[in-house]
Structure formats: structure tokens, C-alpha cells
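Engineer: Sharing a model that was predicted from the sequence below.
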Amino acid sequence: MNPSPLLALHGVQAGYGPTTVLHGLSLSVAPGERLALLGRNGVGKTTTLRTVMGLTPLRAGRITFAGQDLTGLAPHARAALGLGHVPQTRDIFPSLTVEENLLAGCKRRPARALDEAYALFPRLAERRHHGGTQLSGGEQQMLSVARALLGQPRLLLLDEPLEGLAPLIRQDLLRALAQLPDLTVVVVEQQVHEVLGYAQRALILDRGQVVHEDQAERLRDDSAALERHIGLAVQ
Ligand SMILES: Nc1ncnc2c1ncn2[C@@H]1O[C@H](COP(=O)(O)OP(=O)(O)OP(=O)(O)O)[C@@H](O)[C@H]1O
């Protein structure tokens, strides 16, 4: 029997002003699962993550997290329940050092929790006294992810974490995330082949609905599906 999902979306509708982006989206994520959300530009991947966090209002449908209905909860209340979000914009404080950024993510945890972040991302330990603006794109992304992890989320929503990063840094980041086997992750990504090496299952969205679902490993080899739904050239 499948375990109860940690996150479930039922018939979710959301959008901006007169535009509806998510047209009755349903999906579920099992505890400990790593799910990739794929699709062409503008199909609603970011909107999906934002609606789960309560940053974009739900217009119809229901979202549950660990069995609890999230309707009406503010983003901070969702974070307190265990939802972590790393937006595409990399949510760090540029005027603070690496260490100060991490301390800001510690909340009520002891400062020694930072050692976990440094163990996962040794580059951040080397740069601990550098300001946010002195970091490379990859280091900023690691900092953003590390800060979210310090909040001990049960589910981490990652929006294009690999964007703009060099291939070796992308691999470092994915390897670090793969070291957290109990963490449930929903990751939106344009670097399809790389993210399919990290995720276990993948959903492809089109116009705010799921149009294809498969095991990540199988989808990676399914060039016809990737071409049809994402427009990736057949290799
Ligand atoms: N703040 C906003 N106001 C109005 N329209 C928006 C806003 N944010 C996104 N949209 C529109 O909603 C649609 C879905 O955007 P969304 O960012 O969710 O797509 P996406 O699949 O994440 O695409 P991308 O890969 O380009 O980030 C797009 O047509 C986009 O232009």
C-alpha cells in the first residue's frame, strides 16, 4: 500500500489577475520522495510552488500537507508546519556574511546547527566571512539551500536551483541534496537530464496540468516524451 502523501494538491486553480495558470492541478508527493516538476517555460511550475507556499492565492481546489488543509494559512504558518521554499531569486541577504545568513535561518536552533550546513557544503565553510555579494552564483545557491535546510523542513520546494550554475557546481549541489535521504523534495528545473539523475519520479506540466508522469530514470531515456512535452531535441 502507498504511504499517505506528505503533500497533495487536489484540483488546484491559481493565477494572476484575469489569467488562470493552474487549471485543476492534482498531484501528490510521498514522504521522502524526490519529485521533479518539468515543462516548457510558462506552464505553471513556479506558480505551483508559490501556491503551495501560499504566495499565490488558491482560487479553487485544496492543498494538504501531512494531512492538514493549508487553505487560508499564511506563508509563515506553512513554513512553521515544515514547508521550505528556495525561490528562483535565491533568497539571501546580500549585505550579510555567509555565517550571518545561516544564523538567520537557524531560528530557534543552536548556532552549532551551522556545522550541519558546513558539512553539507564545505565551500560555505571556506567562505563563512564573505559577504553575500562576494559569492559566486553557485555559492549563493548553496547558501540559499543551506539556509532553508537549517529550518528543518519536512518538504523542500526548489525552484530552478541549477539555473546559471556551471556543470561541476550543479553536480556538487545535487550530490549534497542526495545526501539527505529523509528529505522530501519537489524540484522545478530546466536542466532536465541532470535533475532526472537526482529525482525519483517526474511530472511534466502543460498549461497548468500534469500531462505526463514517469519514474525519473525511465523518463531520462524516453527521448520521445521529452521531445513531445518539453521540446528537448532528441539526442
Ligand atoms: N506575477 C505575475 N503576474 C502575472 N502573470 C504572471 C506572474 N508570474 C507568472 N505569470 C505568468 O503565469 C504563467 C506561468 O508562469 P510560471 O512562472 O508559473 O511558469 P513556469 O512554468 O515556472 O515557467 P518558467 O520556466 O519560465 O519559470 C506565465 O504565462 C507567466 O507569464
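Structural biologist: Perfect, I can see it now.

Engineer: least trustworthy helix or strand in this structure by mean pLDDT?
Structural biologist: helix 98-106 (a mean of 89; mean pLDDT, DSSP states H and E).

Engineer: Residues in contact with the helix or strand following that helix: which ones?
Structural biologist: Downstream of helix 98-106, the first helix or strand assigned by DSSP states H and E is helix 114-120. For helix 114-120, the external contacting residues (Cβ atoms under 8 Å, 6 or more residues apart in numbering) are 99, 102-103, 106, 124-125, 128, 146-147, 149-150, 176, 179-180. Where you see a C-beta, it was placed from the backbone N, CA and C, and this is true even at glycine.

Engineer: And these, which is the shakiest by pLDDT?
Structural biologist: When the contacts of helix 114-120 are compared by pLDDT, Cys106 scores lowest at 80.

Engineer: Isn't that residue up against Leu149?
Structural biologist: No - under the contact definition of Cβ atoms under 8 Å, Cys106 does not touch Leu149, with a separation of 10.7 Å.

Engineer: ok, those two, which is more surrounded?
Structural biologist: Leu149 (23 against 17; other Cβ atoms under 10 Å).

Engineer: Arg201: neighbouring residues, count only.
Structural biologist: 18.

Engineer: if we can go back for a sec, using CSV, lay out the contacts of helix 114-120 together with distance to the ligand and secondary structure.
Structural biologist: Below are the contacts of helix 114-120 laid out as CSV (distance: Cβ to the nearest ligand atom, whole Å; DSSP: H, G, I helix; E, B strand; the rest coil):
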residue, distance to the ligand, secondary structure
Glu99, 31, helix
Leu102, 27, helix
Leu103, 31, helix
Cys106, 30, helix
Leu124, 26, helix
Ala125, 32, helix
Arg128, 32, coil
Ala146, 23, helix
Arg147, 22, helix
Leu149, 23, helix
Leu150, 26, helix
Ala176, 23, helix
Gln179, 27, coil
Leu180, 24, coil
